[in-house]
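Chemist: what would the 3D arrangement of this be:
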Amino acid sequence: MFARIRRPLRGLFTGLLLLVTSCSSEGDGAPTPESLTPESPTFHAGDPCTRDGELRCATEADGKKNGSVLWCANGVYEKVFACPGLQECNDYQTNTAVGCGPETSVIPYAKEGAPCGAEGAAACGFDRKTVQWCVGGTWVLAQHCPPTECTVSRAEGRNVVACSNGGATPGDLCKSDIAGAVMCSTDLKSILGCRNGRAVVVEECLPPRECSVVHTGGMPTIACM
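Modeler: Have a look, this model is predicted:
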């Protein structure tokens, strides 16, 4: 999330889910449970496919989804991911992303370079180290999350995909609607601004200080503390 240094938070890194109007690294929207498709035909690794780049949940012979994720490459489905643990895999209407987990807390996943169907949507990379944005019909690597991870949170009634502490890494993609808006880096070592669509360092937080969101009764502010 972006803010002004020691001033009220404002919009900066708005991402695929557009969580808030403050500066943030979030997107304009993430797949929601309502976008899940109805039961579909069975899909297995090795089956032929007609739309390169699409993602599908794999199924058993009886049609039950088994948690594996298939990617259509060169006309054939291949396994590219498995939902963590025993989480259920959910298909989305555009078949350009999949969700893992119960509908109330599903995490959307997408593959960098694959086609996407909703401009401004956001999803996690399969390793949850990155946030993917849908730009010009293609999933692009927008933000790097380490040492945090990509996750989904709820804000103002919407699902938001972003790095878990709301930060970004210098060089990441960003969107800014207010001049001077800032946010913390994911490692909390610096305060970032958005310049020409990329996150840039505004101020280094020298040890033992780190970038912090300060709540003082009014709008939160960002500062090295």
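Chemist: so where's the protein uncertain?
Modeler: 1-40, 177-179 (pLDDT under 70).
Chemist: that one: helices as residue ranges?
Modeler: Using DSSP state H, no helices are found in the chain.
Chemist: who touches the strand ranked longest in the chain?
Modeler: Secondary structure assigned by DSSP state E gives strand 65-73 as the longest strand of the chain. Residues outside strand 65-73 that contact it (CB atoms under 8 Å, 6 or more residues apart in numbering): 43-45, 49-60, 77-83, 86-89, 98, 100, 109, 111, 114, 126. Glycine gets a C-beta too; all of them are placed from N, C-alpha and C.
Chemist: from the chain's centroid, how far away is that strand?
Modeler: When C-alpha coordinates are averaged (CA atoms, centre = their mean, to the nearest Å), strand 65-73 and its chain have centres 20 Å apart.
Chemist: pairing partners for it, with directions?
Modeler: strand 55-59 (antiparallel), strand 76-82 (antiparallel) (DSSP bridges).
Chemist: show the backbone phi and psi for residue 136.
Modeler: Per-residue torsions, residue 136: phi 60, psi 30 (degrees, to the nearest 10).
Chemist: without its sequence neighbours, what residue ends up closest to it?
Modeler: Leaving aside its sequence neighbours, residue 136 sits nearest to residue 119 (CB to CB, 6 or more residues apart in numbering; 7.6 Å).
Chemist: quick check: that neighbour touching residue 139?
Modeler: No - the criterion here is CB atoms under 8 Å, and residue 119 misses it with residue 139 at 11.3 Å.
Chemist: neighbour count for those two, which is higher?
Modeler: Shown here are residue 119 and residue 139; by other CB atoms under 10 Å, residue 139 has more neighbours (25 against 13).
Chemist: which residues does residue 224 bridge with?
Modeler: residue 211.
Chemist: wouldn't it be in contact with residue 185 here?
Modeler: No - at 11.1 Å, residue 224 does not count as touching residue 185 under the criterion of CB under 8 Å.
Chemist: distance of residue 214 relative to residue 137?
Modeler: 40 Å (CB to CB, to the nearest Å).
Chemist: please disregard the earlier target; I meant residue 105.
Modeler: 28 Å.
Chemist: residue 77: what's its closest spatial neighbour, skipping adjacent residues?
Modeler: The nearest residue in space to residue 77 (CB to CB, 6+ apart) is residue 70, at 4.1 Å.
Chemist: can you give me the distance of that neighbour to residue 219?
Modeler: 45 Å.
Chemist: between these two, point out the one with more neighbours.
Modeler: residue 70 (25 against 13).
Chemist: distance from stretch 133-140 to the middle of the chain?
Modeler: 12 Å.
Chemist: residues making contact with that stretch?
Modeler: Contacts for stretch 133-140 (CB under 8 Å, 6+ apart): 15-16, 27, 96-97, 110-123, 132, 142, 173.
Chemist: partner residues bridging the residue nearest to residue 124 when sequence neighbours are not counted?
Modeler: Counting by CB to CB, 6+ apart, the nearest residue to residue 124 once its immediate chain neighbours are dropped is residue 150, at 3.7 Å. In this entry, residue 150 is beta-bridged to residue 163, by DSSP bridges.
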